[in-house]
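K.L.:
sharing a model that was predicted from the sequence below.
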Amino acid sequence: MSRILIVEDEPAIGWSLREVLSDEGHAVELAASVEAALATCARFAPDALLLDVRLPGRDGIAALPELQAIAAGAPVVVMTAFGDLDTAVRAVQAGAFDYLVKPFDLDRVAQVVTRALAARGPAAVSGTAAARPASAVELRGGSLPMQTVFKQISLAAATDLPVLITGETGTGKELAARAIHAHGSRRDRPLVATSLAALAPSVIESELFGHVRGAFTGAASDRQGLFELAAGGTILLDEIGDAPADVQAKLLRVLEQREITPVGASTARPMDVRVIAATNRDLLVAMEAGRFRADLFHRLQVFQIEMPALADRMEDVPVLVEHFLGGAAGASPAFLASVCSRRWPGNVRELRHAIEYAAVMARGGMLEPEHLPRTPAATPAATPAAGADAEAQVAAAIRTWVETVWNPGESAAEGLHERLLHLVESGLAREVLDRAGGNRTAAAKILGLDRATLRAKLNR
């Protein structure tokens, strides 16, 4: 049995956490403020803490080092309903073991606490909350997919490992890379970004690694490559999936040996550069087709961040619209509704261009739906015909299933209603749970069920 201290000012959340952790066999204490938590630590000596960020009186993250000191380095799991990039970075830099965003699945909380207890020991603190840099990047959003991205960025920034950022075009992969650099230990050194797809195959190796005088026709002098320009800092290799085979081999050597060889040089040069790669391609497919080296993929995939498509975070649209407008104009409710009803295959980048266009068309006034550009990409996300077609497909599936079991003269057709409900409920619950990323609380909300009912159905 371990001792767990929950620092949470919402009684219902505190009670739920205490119940699930008590069921796991732990001794649990509750505190509603930092002051109460410090007093409890003095007599309770917790083995782990669950700490809310927004507490009455004092901020939870700001008090984290003090709580760890009095709790003898007990691991701390930070909880928040208002997560953003700065909050995630503060939590990691202050020494938090993990970072949970409300609403969270209670089963996941229990799993995180188990991992924290297994890793119990002094937390590695890479800085303090007060020393964090001001955010110079423009990642915005409060949706669950973006909360996950913020957490991953904060964890990546606290290390010096290679990072692979994947996602569709326009999702903000370069912004994520810049955020990692801005919040990492190399923030005072250069960040050099390049798109490999934009470099001609004949010059890509020279651009990346430089060349020496006489290496080829026209090489009248030594020239530094992008890796040398990024020395001590970070290099972002966008569109890594477009790198030629010979360049892939040299990139692997940079990652493994931390050295580069300029074109025409006979000796390698040591190189201290953090590598962040990005791509909108499926590198697994490229590997199977022999277009991308498996060893380079696995070396880059030490830490991977998947940027969500805008379609998976539409609740962030009002925040993004306000950010893109920069206070220069306002958007009417009808405008926001129109934006949210459209498909955006170009993701946030396409949305931004559309908002900038609308602001020009509105000429400083309120943005209305007619100010949006009329493009094939901005078509309604769903139509009544599409909904009717889906219903027809479900009806056809039901008819096919009934035909396979229908035999009025025998008992095989009895209980059809209950059997169909079981099939539909099972498939629907698992599909929604998968789309919610395994988050039972979110899945239950989408289904219109309480969490206990969903758990019971899944167990059955």
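P.N.:
In hand now; what should we look at?
K.L.:
tally of neighbours for Arg258?
P.N.:
Neighbour count of Arg258, defined by other C-beta atoms under 10 Å: 12. Using the backbone N, CA and C atoms, a C-beta is placed for each residue, glycine as well.
K.L.:
next up, the contacts around the nearest residue to it once chain neighbours are set aside.
P.N.:
In space, not counting the residues next to it along the chain, Arg258 is nearest to Met271; the distance is 5.8 Å by C-beta to C-beta, 6 or more residues apart in numbering. If a contact means C-beta atoms under 8 Å, 6 or more residues apart in numbering, then Met271 has 227-228, 231, 254, 258-260 as its contacts.
K.L.:
one more time with 7 Å
P.N.:
Contacts for Met271 were tallied using C-beta atoms under 7 Å, 6 or more residues apart in numbering; they are 227, 231, 254, 258-260.
K.L.:
walk me through the domains of this structure.
P.N.:
3-131, 159-306, 311-371, 394-459 (automatic domain parsing).
K.L.:
spatially, which residue comes closest to Ala198, not counting chain neighbours?
P.N.:
Leaving aside its sequence neighbours, Ala198 is closest to Glu239 (7.7 Å, by C-beta to C-beta, 6+ apart).
K.L.:
what stretches of the stretch 101-250 of the chain score poorly on pLDDT?
P.N.:
Along the stretch 101-250 of the chain, the parts satisfying pLDDT under 70 run over 119-137.
K.L.:
which parts of it are helices?
P.N.:
When secondary structure is read from DSSP state H, counting those that start in this stretch, the stretch 101-250 of the chain shows helices at 106-118, 144-157, 173-182, 204-209, 226-229, 245-257.
K.L.:
format those as TSV; extra columns: mean neighbour count and distance to Ala94.
P.N.:
Formatted as TSV, the entries for those read as follows, by neighbours: other C-beta atoms under 10 Å; distance: least, C-beta to C-beta, whole Å:
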stretch	mean neighbour count	distance to Ala94
helix 106-118	17	15
helix 144-157	23	11
helix 173-182	24	17
helix 204-209	21	37
helix 226-229	19	33
helix 245-257	16	30
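K.L.:
out of these, which gets nearest to Gly326?
P.N.:
Each of the helices of the stretch 101-250 of the chain has some distance to Gly326 by C-beta to C-beta; the shortest is helix 173-182, at 16.3 Å.
K.L.:
now for Glu239, how many residues are close by?
P.N.:
Neighbour count for Glu239, taken as other C-beta under 10 Å: 19.
K.L.:
which residues touch it?
P.N.:
Contact criterion C-beta under 7 Å, 6+ apart gives 195-197, 279 as the residues in contact with Glu239.
K.L.:
quick check, nearest of the residues you listed to Ala37?
P.N.:
Minimum separation from Ala37 among the contacts of Glu239 (C-beta to C-beta) is found for Thr279, which lies at 44.2 Å.
K.L.:
does the closest one touch Asp242 like I think?
P.N.:
No: contact criterion C-beta atoms under 7 Å: Thr279 and Asp242 do not qualify, at 8.1 Å.
K.L.:
who has more neighbours, the two?
P.N.:
With other C-beta under 10 Å as the criterion, Thr279 and Asp242 differ in neighbour count, and Thr279 comes out ahead with 23 against 20.
K.L.:
which residue is nearest the centroid of the protein?
P.N.:
Among the residues of the chain, Val149 comes closest to the average C-alpha position under C-alpha atoms, centre = their mean, at 2.0 Å.
K.L.:
my guess is that residue contacts Ile305, does it?
P.N.:
Yes: with contact defined as C-beta under 7 Å, Val149 reaches Ile305; the gap is 6.4 Å.
K.L.:
overlap in contacts, these two.
P.N.:
Shared between the contact lists of Val149 and Ile305 (criterion: C-beta under 7 Å, 6+ apart) are residues Ala176.
K.L.:
among the helices of the stretch 101-250 of the chain, which comes closest to Ile61?
P.N.:
helix 144-157 (11.6 Å).
K.L.:
tell me which other helices or strands that closest one touches.
P.N.:
Helices and strands touching helix 144-157, as assessed by 3 or more C-beta pairs under 7 Å, 6 or more residues apart in numbering; DSSP states H and E, comprise helix 85-93, strand 98-101, helix 173-182, strand 303-306.
K.L.:
can I get those in a markdown table including distance to Ile70?
P.N.:
As requested, the helices and strands packed on helix 144-157 are arranged in a markdown table below (distance: least, C-beta to C-beta, whole Å):
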| stretch | distance to Ile70 |
| --- | --- |
| helix 85-93 | 19 |
| strand 98-101 | 20 |
| helix 173-182 | 32 |
| strand 303-306 | 33 |
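K.L.:
so which of the ones you listed comes closest to Arg455?
P.N.:
strand 98-101 (18.8 Å).
K.L.:
so what strands line up beside the closest one?
P.N.:
Pairing partners of strand 98-101, with direction, according to DSSP bridges: strand 76-80 (parallel).
K.L.:
could you give the mean pLDDT of the strand it pairs with?
P.N.:
pLDDT averaged over strand 76-80 equals 89, rounded to a whole number.
K.L.:
that strand vs helix 85-93, what angle?
P.N.:
Angle between the axes of strand 76-80 and helix 85-93 is 170 degrees (criterion: axes from the mean of the first three to the mean of the last three C-alpha atoms, to 10 degrees).
K.L.:
where does Glu49 sit relative to His298, distance-wise?
P.N.:
One correction, residue 49 is Leu, not Glu. The gap separating Leu49 from His298 is 36 Å, by C-beta to C-beta, to the nearest Å.
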